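# mind looking at a prediction? Sequence and model below.
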Amino acid sequence: MPPNRGSDHTTERRKAGPRNAEKVGVERWIEGVFFGCAEVAVLAWPALLSLLDAAANAAVKFAAIVALSTAAVAIGTVRTGWTSLAWPPLTPRLLLARAVSHNLTILLAAHGGAAIVLLTESTLGSAAFAAAIAGGSVWVFPRIAERVAALPPWWEWGR
């Protein structure tokens, strides 16, 4: 071993050894939640930006955070395989469908949750509404993805 490496043979062997990249159980679920949150937060960026100066500021943002969190947990649960649903892979064809779905989910949950707070002064009702909208969106998206995947290519639409 060259003297400038700064480590012994045992360390080098350990670094070069096989990696167990397969995550199972809770580790896999946490990874799914992380990537679900990243998917929703990145693709729903326009909706989240539009909520920055919303009228009912605190209520809208609270409902949006609940919707984002619920969607991330639901996507993580589906991606882990703990449900009968299968989360579709990210393909160029489904990118627009995902962006539209996530933006509509955040906007509907945020404004609907804020309306519930303003009408009934129930923060719990707002959270329940936002969670139901986000959970329903995650439940419906695999069906939307099947229909989008079945569409012919865009250059055949005019025929």
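Received the coordinates, thanks. Residues are numbered from 1 along each chain as shown.
# tell me how far the spatially most central residue of the chain lies from residue 127.
Nearest to the mean C-alpha position of the chain, counting by CA atoms, centre = their mean, stands residue 36 at 3.1 Å. To residue 127, residue 36 is 19 Å away according to CB to CB, to the nearest Å. No exception for glycine: its C-beta is placed from N, CA and C like everyone else's.
# same thing with residue 145?
Counting by CB to CB, the gap from residue 145 to residue 127 is 27 Å.
# check residue 148 too.
In terms of CB to CB, residue 148 sits 31 Å off from residue 127.
# spell out the secondary structure type for the residue lying closest to the residue nearest to the centre of the chain once chain neighbours are set aside.
Residue nearest to residue 36 in three dimensions, not counting chain neighbours: residue 75, with 3.0 Å by CB to CB, 6 or more residues apart in numbering. With DSSP: H, G, I helix; E, B strand; the rest coil as the basis, residue 75 sits in helix.
# could you say what helices and strands the helix or strand containing residue 67 packs with?
Under the criterion DSSP states H and E, the helix or strand holding residue 67 is helix 57-80. Applying 3 or more CB pairs under 8 Å, 6 or more residues apart in numbering; DSSP states H and E, we find helix 57-80 packed against helix 26-43, helix 45-50, helix 92-120, helix 123-150.
# rerun at 7 Å
helix 26-43, helix 92-120, helix 123-150 (3 or more CB pairs under 7 Å, 6 or more residues apart in numbering; DSSP states H and E).
# return the distance of that helix from the chain's centre.
Chain-centre distance of helix 57-80: 8 Å, with CA atoms, centre = their mean, to the nearest Å.
# average pLDDT for it, rounded please.
Computed over helix 57-80, the mean pLDDT rounds to 94.
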